[in-house]
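**Q** Below: sequence and its predicted model.
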Amino acid sequence: MTRILADLPDEDIQWLDQRAAKQGKSRAALLREIVVWYRARMSAAK
């Protein structure tokens, strides 16, 4: 797995942290799930 560095606005980090905490996941795990979801949506839209 490749590690990345991304700059996000503080409000987006707060949102991610809140969502991750509610789901009992790490911020990184939530971001991975979001990428998988986004890729599936983009593939279906073609």
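**A** Cool, the structure landed.
**Q** Which strand or helix spans residue 29?
**A** helix 27-44 (DSSP states H and E).
**Q** Looking at that helix now, give me its mean pLDDT.
**A** Confidence for helix 27-44, expressed as mean pLDDT, is 96.
**Q** name the helices or strands packed onto it?
**A** helix 10-23 (3 or more Cβ pairs under 8 Å, 6 or more residues apart in numbering; DSSP states H and E). Just so you know, the C-beta spots here come from the backbone N, C-alpha and C atoms, and that holds for glycine as well.
**Q** hmm, back to that, angle of the helix holding residue 29 against helix 10-23?
**A** 100 degrees (axes from the mean of the first three to the mean of the last three Cα atoms, to 10 degrees).
**Q** which residues are contacting helix 27-44?
**A** With contacts defined as Cβ atoms under 8 Å, 6 or more residues apart in numbering, helix 27-44 is touched by 13, 16-17, 19-20, 23, 25.
**Q** Which two of those residues have the greatest separation?
**A** Maximum pairwise distance among the contacts of helix 27-44 (Cβ to Cβ): 15.9 Å, between 13 and 23.
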